[in-house]
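Colleague: Quick one: sequence plus predicted model below, questions after.
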Amino acid sequence: MGGIKIDKLTDTNFHKWRQRIKMVLALRDLDDMLDEDGKPTDGEDRELAVWKRRDTKASAIIGLTLGSEQLEHVSGSKTTAKVWSTLQGVLQRKNLMNKMKTRREFYTVEMTVGEGMLGYINRVRNLSENLKAMGGEVTEMDVAMRVLNGLPSKYENLLVALDAKGEDELSLDFVKSRLFQEEWRQADNSPSTKRLIDMALVGANYRGHGRRGDLSKIECYFCHTFGHISRDCPELKAKKQRQDKVAAIAADDGCDSDDAICLVGNAAYTDDISKSWLVDFAASAHMCWMRACFDDYQTTTGRSVTMGDKGSGATAGVGTVVLNVIVHGKTRMIKLEKVLHVPTMSFNFMSVGMMEERGEDVSFKGGKTIIKISYKVAACGTWKSGLFHLDMAPLSDIAAVASLQLWHERLGHVNVAGVKRMIKNKDIDGLKCSSMAVKDVCEPCVYGKAAMTPMPSAGGGRVTKRLQLVHLDLGGPMAEPSRGGALYFGTYTDEFSRWTDVVFLQKKSDLLSEYKKWLTKAQLRTGTKIEILRSDNGGEYVSNAFEALHDENGTTHLTTVPDTSQQNGVAERLNRVFVEMARTMMRHKDVDQDLCADAIKTAL
């Protein structure tokens, strides 16, 4: 395409691809080929031939930017306009799922780590254009608000400053300019930039004097002490020596399958050491031997850790560990990710190398280690018995101070109001609450405490005559067949008079024939027909033959909701009374179980 390069069309870049293709076609004076009504109908043959040649060129330009899958979609399209509409129908179909997906992507977009401000704003704009193409309404203010909502925490000060301005001033151009300024300001104040400036100044001092000059005024950017530069820093040299030892052990081991290396010091083993966390240069990964410390956990196989004595220990899994540490007398939490679970280790290690890979600063000075995250002190450690131990919070302090939500969970999901009352009245010694925030809906409570609401004692109006409403229910099977071979019994109860009849059945399918007999007898004795028959949803009640019989007699058949026998409570309760009376009489007289049918008939 004359040196113009366009990325291949994929399922995710249709918006950008469409814009570039329109530009290329406009450059070639072929953009009118996208119009479905642009084909001449009554023109001369020469005019039609020119149109076809231009349409072929436009189709070729589009086709050269399509992948194999997209080419399959447009293989049957005859014109450029048809190719265009087909691609729009496939990749920008305005169905409910695509609209929901596009809207969710726009309203949940966030700036990723390492992403530049210009790229982030362009990504938000592209998502807004996709949402507009799907029929959604997106204003410039919506785009500006979405850009601000997706910013990381380091832009918090800017958001506070923008909050003081009115909404009329927050145009997208204004927000973009302020964000670019803030990005440049943070880049100028970053430690890496300052270090480059310091190095340049030190270099200028050397060149100007031809010697080092007064070193007492030069600060080392590694240990931040005066009197030497980083090249001569003793702490940096010691760090490199320890790293070289680790590399030498790894090379000498000659095994590529091990995922981590650990050099264990010759400190005496005590129970305190096994439960504490050691800050170590020699460990290439965070390691923990206690499974209970992990918040989330994923089992692994085939991985191992190389020890300093050339031995190895198998890793059982990897996950995240949240530690409660003491910083300036206060308990804080620090999260360690990608922590290896090594059950045979008997020690817990925080890897300095892993922390520095994440951009965190770990320094050692005067028997203390300080760990900084985002330029703030996140944890401290103390030199003990030849090792640096993290300053961990006592377990009693950690357990005694928790949020209201955690206390609610610890106390067996007791009522939140009850927990608040216990904290307020100090009913439990040492019960302290760090936060009164709770979840709007506690899912385990909903699942474990859900109960069906009571059924109404009476529904609708009362019946006014016999056979206006009849309850039908089936009981059984009995423990043993009766002497007549019956295993089931059925009851018919008139709602008005509470007159009840019982029949005995060898199998459930016999119910229909017995019901016909009872129906004839009941209607002859009362001189009226059954208006409503109520039963449960059992297959013996809803067969085609049963329904045909109801239609023939003009009977309305009402069934209960599945698993809600309470709706037919008259018959259900009556059957229970019959069974209890029969079982009690048989127990009293100590008769055989095959007399159960006779006992039920006696109870009736």
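Modeller: Yep, that arrived. Numbers count the residues shown, from 1 in each chain.
Colleague: Output the below-cut-off pLDDT ranges for the stretch 401-550 of the chain.
Modeller: Applying pLDDT under 70 to the predicted model, the residue ranges of the stretch 401-550 of the chain that meet it are 401-402, 430, 434, 455-461.
Colleague: how about the helices of it, start to end?
Modeller: Shown for the stretch 401-550 of the chain, the helices assigned by DSSP state H, counting those that start in this stretch span residues 404-410, 416-425, 443-449, 511-526, 544-553.
Colleague: Can I get the ones you listed in TSV including mean neighbour count and distance to Gly76?
Modeller: C-betas here are computed from N, CA, C, even on glycine. Rendered in TSV, the data for the helices of the stretch 401-550 of the chain read as follows (neighbours: other C-beta atoms under 10 Å; distance: least, C-beta to C-beta, whole Å):
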stretch	mean neighbour count	distance to Gly76
helix 404-410	17	59
helix 416-425	14	63
helix 443-449	10	50
helix 511-526	14	59
helix 544-553	12	49
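Colleague: Looking at the ones you listed, which is nearest to Ser312?
Modeller: Relative to Ser312, the nearest member of the helices of the stretch 401-550 of the chain by C-beta to C-beta is helix 404-410, separated by 38.6 Å.
Colleague: and that closest one, what other elements does it pack with?
Modeller: In terms of contacts (3 or more C-beta pairs under 8 Å, 6 or more residues apart in numbering; DSSP states H and E), helix 404-410 is packed against helix 416-425.
Colleague: okay, now the domains of the protein?
Modeller: Domain assignment for the chain, taken from automatic domain parsing, gives 14-91, 96-189, 192-232, 236-385, 399-449, 469-603.
Colleague: Make CSV out of these and add distance to Ala393.
Modeller: CSV is the format used below for those (distance: least, C-beta to C-beta, whole Å):
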stretch, distance to Ala393
domain 14-91, 51
domain 96-189, 24
domain 192-232, 28
domain 236-385, 4
domain 399-449, 9
domain 469-603, 50
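Colleague: Mean pLDDT lowest where, among those?
Modeller: Lowest mean pLDDT of the domains of the chain: domain 192-232, a mean of 58.
Colleague: can you redo the helices of the stretch 401-550 of the chain as TSV with distance to Glu235?
Modeller: Compiled in TSV, those are given as follows (distance: least, C-beta to C-beta, whole Å):
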stretch	distance to Glu235
helix 404-410	41
helix 416-425	48
helix 443-449	50
helix 511-526	91
helix 544-553	90
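Colleague: of all the ones you listed, which lies closest to Ala292?
Modeller: Closest to Ala292 of the helices of the stretch 401-550 of the chain, according to C-beta to C-beta: helix 404-410, at 15.5 Å.
Colleague: Need the contact partners of the closest one.
Modeller: Residues outside helix 404-410 that contact it (C-beta atoms under 8 Å, 6 or more residues apart in numbering): 402, 414, 416, 419-420, 423, 431, 433, 435-439, 442, 444.
Colleague: For the stretch 451-600 of the chain, which segments count as strands?
Modeller: With DSSP state E, counting those that start in this stretch as the definition, the stretch 451-600 of the chain shows strands at residue ranges 469-475, 488-494, 500-505, 532-535, 556-559.
Colleague: nope, the stretch 201-350 of the chain is what I was after
Modeller: Listed in chain order (using DSSP E, counting those that start in this stretch), the strands of the stretch 201-350 of the chain are 260-262, 277-280, 287-288, 294-299, 304-307, 312-314, 317-327, 330-341, 348-351.
Colleague: so how far does stretch 451-463 reach from one end to the other?
Modeller: Start to finish, the residues bounding stretch 451-463 are 31 Å apart (C-alpha to C-alpha, to the nearest Å).
Colleague: ok so, going back, who wins for proximity to Leu87 among the helices of the stretch 401-550 of the chain?
Modeller: Each of the helices of the stretch 401-550 of the chain was checked against Leu87 via C-beta to C-beta, and the shortest separation belongs to helix 443-449, namely 43.2 Å.
Colleague: How many neighbouring residues does the residue nearest to Gln593 when sequence neighbours are not counted have?
Modeller: Using C-beta to C-beta, 6 or more residues apart in numbering and skipping residues adjacent in sequence, the residue nearest Gln593 is Glu480, 4.2 Å away. Taking other C-beta atoms under 10 Å as the neighbour definition, Glu480 ends up with a count of 12.
Colleague: any idea how far Glu480 lies from Val502?
Modeller: Here Glu480 is placed at a distance of 18 Å from Val502 (C-beta to C-beta, to the nearest Å).
Colleague: and if you look at Met350?
Modeller: The spacing between Met350 and Val502, counted by C-beta to C-beta, is 77 Å.
Colleague: ok, now Glu110?
Modeller: 70 Å.
Colleague: These two: who's more crowded?
Modeller: For Glu110 versus Val502, neighbours defined as other C-beta under 10 Å are more numerous around Val502 (19 against 12).
Colleague: All good on my end, thank you.
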